[in-house]
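>>> kindly return the folded structure for what I paste below:
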Amino acid sequence: MSSIDLPADVLDAIAAPPEDREPIVRQELAVSLYREEYLSFGKARELAGLSKAEFHRLLGERGVERHYTEEDLALDVEYAREYI
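Below you'll find the predicted structure:
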């Protein structure tokens, strides 16, 4: 696992209770990296520490379009044929 060191004064400047600051940073980073197509939905969701439904909801609240390619569709169809 890797980590990003943030200056304490930056974390302290986040207007939220101390226990909420890291999750806020993780979610904001996840949404941004997903929006810019640097991370897949699954990896961004993992970074945010949210379930699929929760991350979908967060993206919806932020007005972020889902990236769903023909390749994603093909994988979903293949999975469905194999396991359903």
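
>>> hmm, who's touching the lowest-mean-pLDDT helix or strand in the chain?
When the helices and strands of the chain are scored by mean pLDDT, DSSP states H and E, helix 70-83 comes last with a mean of 85. For helix 70-83, contacts defined as C-beta atoms under 8 Å, 6 or more residues apart in numbering pick out no residues. For glycine as for every other residue, the C-beta is placed from the backbone atoms N, C-alpha and C.

>>> residues of it that come out buried?
By 16 or more other C-beta atoms under 10 Å, helix 70-83 has no buried positions at all.

>>> roughly how far out does that helix sit from the chain middle?
22 Å (C-alpha atoms, centre = their mean, to the nearest Å).

>>> now swap in stretch 47-54 and tell me
6 Å.

>>> leaving out chain neighbours, which residue sits closest to the residue most central in space within the chain?
Central residue of the chain (C-alpha atoms, centre = their mean): Ala44, 3.0 Å from the mean position. Ranked by C-beta to C-beta, 6 or more residues apart in numbering and with sequence neighbours excluded, the top spatial neighbour of Ala44 is Tyr34, at 3.8 Å.

>>> wait, what's in contact with the one you found?
With C-beta under 8 Å, 6+ apart, Tyr34 has these contacts: 40-41, 44, 59, 64, 67.

>>> low-scoring stretches of this structure, by residue?
Applying pLDDT under 70 to the chain flags no residue at all.

>>> what's the neighbour count on Asp5?
Number of residues near Asp5 (other C-beta atoms under 10 Å) recorded here: 5.

>>> fine by me, we can end here.
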